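Enquirer: got a predicted structure here, sequence first:
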Amino acid sequence: MEIFGIMFSLLIFLTVIAGLFLVFRFVALWYWKIDKIVDRLEGIERNTRPQKIATPVSESASNNQARED
């Protein structure tokens, strides 16, 4: 039964460490405004990326010919 106690203690310890990591991570992201920076960068990326890549003229012309036949 001693192994069960050790494993349970280890599980509790790892859970506490993971919880502390998440809390400190949240505070660091908030303090340096990293989450807002990421949101703004994603918005800039959406605005600067072309909406749809146009097909080359020669490719679209060959597709139209194939449809007419």
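Expert: Arrived safely. Residues are numbered from 1 along each chain as shown.
Enquirer: how far away is the residue nearest to residue 35 when sequence neighbours are not counted from residue 22?
Expert: Spatially, and ignoring its direct neighbours in sequence, residue 35 is nearest to residue 29 (5.2 Å; C-beta to C-beta, 6 or more residues apart in numbering). Using the backbone N, CA and C atoms, a C-beta is placed for each residue, glycine as well. Look at residue 29 and residue 22: by C-beta to C-beta, to the nearest Å, they are 11 Å apart.
Enquirer: the more surrounded of those two?
Expert: Residue environment comparison for residue 29 versus residue 22 gives the larger neighbour count to residue 29, 14 against 10, counting by other C-beta atoms under 10 Å.
Enquirer: and that one, what pLDDT?
Expert: In this prediction, residue 29 carries a pLDDT score of 93.
Enquirer: adjust the sequence numbering to begin at 59 for everything that follows.
Expert: Let's use 59 as the start, then, which means that last one is residue 87.
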